[in-house]
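Student: Pasting the sequence and the predicted model now:
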Amino acid sequence: MAVAADLPALDVLLLPLQSGALAWPAPGGTLFLRARAGAALHEARAQRIVCEQGFRPWAAALEREGVAVSDSNSGRFDRVLLLAPRQREESRALLARAIAQAAPGGVVVACAANQEGARSMQDDLTRLAGPVHALTKKHCRVCWTAPLPDGVDWDLHTEWLALDAPRPILDGRFQSRPGLFAWDRIDAASAMLAQSLPSDLAGSGADLGAGFGYLSAEVLARCPAVTAMDLYEAESRALALARMNLAGARVPVGFHWHDVATGLGRRHDFIVSNPPFHQGRADDPALGRAFIAAAAAALGPGGRFWLVANRHLPYEAALAQGFARVRTVREDAGFKVIEAVKA
């Protein structure tokens, strides 16, 4: 079985347990929030760590290593591990949740890369749970609490736990939460695509990388001949919001926790997308090209693909390979809207 390469933050997260600075509990007694696959986790497989990961490509990587993984977990554990996200409110909510899932006498262990806010994460865990132990290595920082619940500021815990709760944005039109792309607004590219959509889109549609459901909602509002929509989204926290935001839609709506790069597995009459184009902090056109290939494979003859992208991203060759007609509908403010039609 192929094992994922080393991941520095994962290596450092497990360092206190692997080195003996912190004892492992009985097998099955450890919960790993935002779990990632990697050599260090593979080496700890005898501990039967309970893994949670809401981002579908990373969940699939865990499954390929033979790890049982879900996008949510309940219960309480003697050790709760987490890789802290970059966004501060999301990170605070995750720390609070980790404490909520620590059993009496349990310990929370958190890690982040230095450039992803590791020092702030340590400060936040100290505010929440009292003094912590800390180690640094490989440009990452891991810290862990004293046995809980001693030292927990429960008022702050309640406040931070609520930071991940869905909240209304845009005068209540949508529900969203911190940590998602453009979580508290409509990003300019998606807005431009929505404004450019023709009203004659019809039949079964799909939204690739649907986020909290904005584009799908706009399609249904602007295109009366649409008879069904399928939303494909890799982040389960976003997909849960899309379910809320499109509840009561006038047509059947499907919600798919799915990595679009693996293909869609069903046919559609039209597809809309504002695909992601970042891996970490770097632009990566391969992500957009994978979305284009998936759309081309899922559309029948005459099927229409409406795409928005940063103007500098080189998608034209991929579009020409998968579609018979490609035209740029609009260019403005650094973005381009493209319509591509299957032969």
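Tutor: Done, it's in. Residues are numbered from 1 along each chain as shown.

Student: What segments of the stretch 151-300 of the chain are helices?
Tutor: For the stretch 151-300 of the chain, the helices defined by DSSP state H, counting those that start in this stretch occupy 154-161, 188-196, 214-222, 236-245, 285-298.

Student: Quick test: name the residue nearest the centre of this structure.
Tutor: Glu235 (3.4 Å; C-alpha atoms, centre = their mean).

Student: Next one: the closest residue to that residue other than its chain neighbours, what pLDDT does it get?
Tutor: Once flanking residues are discounted, Glu235 sits nearest to Phe55: 5.5 Å by C-beta to C-beta, 6 or more residues apart in numbering. Just so you know, the C-beta spots here come from the backbone N, C-alpha and C atoms, and that holds for glycine as well. On pLDDT, Phe55 comes in at 96.

Student: how many neighbours does Phe55 have?
Tutor: 18 (other C-beta atoms under 10 Å).

Student: Can you tell me how far it is from Arg185?
Tutor: 22 Å (C-beta to C-beta, to the nearest Å).

Student: that older thread, could you dump the helices of the stretch 151-300 of the chain into a markdown table and include mean neighbour count?
Tutor: Formatted as a markdown table, these follow (neighbours: other C-beta atoms under 10 Å):
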| stretch | mean neighbour count |
| --- | --- |
| helix 154-161 | 14 |
| helix 188-196 | 19 |
| helix 214-222 | 20 |
| helix 236-245 | 20 |
| helix 285-298 | 21 |
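
Student: Which among those helices is found nearest to Ala59?
Tutor: For Ala59, the closest of those is helix 236-245, at 8.6 Å, according to C-beta to C-beta.

Student: Turn the helices of the stretch 151-300 of the chain into JSON lines, including mean pLDDT.
Tutor: Compiled in JSON lines, these are given as follows (pLDDT from 0 to 100):
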{"stretch": "helix 154-161", "mean pLDDT": "98"}
{"stretch": "helix 188-196", "mean pLDDT": "96"}
{"stretch": "helix 214-222", "mean pLDDT": "98"}
{"stretch": "helix 236-245", "mean pLDDT": "97"}
{"stretch": "helix 285-298", "mean pLDDT": "94"}
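
Student: which stretch among those comes nearest Asp332?
Tutor: helix 188-196 (6.5 Å).

Student: And the residue nearest to the centre of the chain, what's its pLDDT?
Tutor: With respect to pLDDT, Glu235 has a value of 96.

Student: That one and Ala295, how far apart?
Tutor: Distance from Glu235 to Ala295, by C-beta to C-beta: 19 Å.

Student: Pretty sure Ala309 sits against Ile338.
Tutor: Yes. With contacts counted by C-beta atoms under 8 Å, Ala309 reaches Ile338, the gap being 7.3 Å.

Student: overlap in contacts of those two?
Tutor: Counting by C-beta atoms under 8 Å, 6 or more residues apart in numbering, the shared contacts of Ala309 and Ile338 are Tyr315.

Student: Is Ala142 bridged to anything, and to what?
Tutor: If you look again at residue 142, you'll see it is Val, not Ala. Beta-bridge pairing for Val142 (DSSP bridges): Cys111, Leu135.

Student: what's the nearest residue to Gly209 once chain neighbours are set aside in contact with, if anything?
Tutor: Leaving out its chain neighbours, the residue that sits closest to Gly209 by C-beta to C-beta, 6+ apart is Pro275, at 5.3 Å. Contact analysis of Pro275 by C-beta under 8 Å, 6+ apart lists Leu208, Gly209, Val260, Leu287, Gly288, Phe291, Ile292, Leu307, Ala309.

Student: Now do the same contact list for the second one.
Tutor: Contacts for Gly209 were tallied using C-beta under 8 Å, 6+ apart; they are Tyr232, Glu233, Ala234, Val260, Ser273, Asn274, Pro275, Pro276, Phe291.

Student: Same check on the first one?
Tutor: Remark: with contacts taken as C-beta under 8 Å, 6+ apart, Leu208 is in contact with Tyr232, Val260, Leu264, Ile271, Val272, Ser273, Pro275, Phe291, Ala294, Ala295.

Student: what about it, distance to Asp184?
Tutor: Taking C-beta to C-beta, one finds Leu208 at 22 Å from Asp184.

Student: One more: the fifth one?
Tutor: Taking C-beta to C-beta as the criterion, Gly288 is separated from Asp184 by 24 Å.

Student: try the third one
Tutor: For Val260, the distance to Asp184 under the criterion C-beta to C-beta works out to 24 Å.

Student: In terms of neighbours, single out the busier of these two.
Tutor: Set side by side, Val260 and Asp184 show more neighbours around Val260, with 26 against 12, by other C-beta under 10 Å.

Student: Report the contact partners of the more buried one.
Tutor: With C-beta under 8 Å, 6+ apart, Val260 has these contacts: Leu208, Gly209, Tyr232, Ala234, Pro275, Ala290, Phe291, Ala294.
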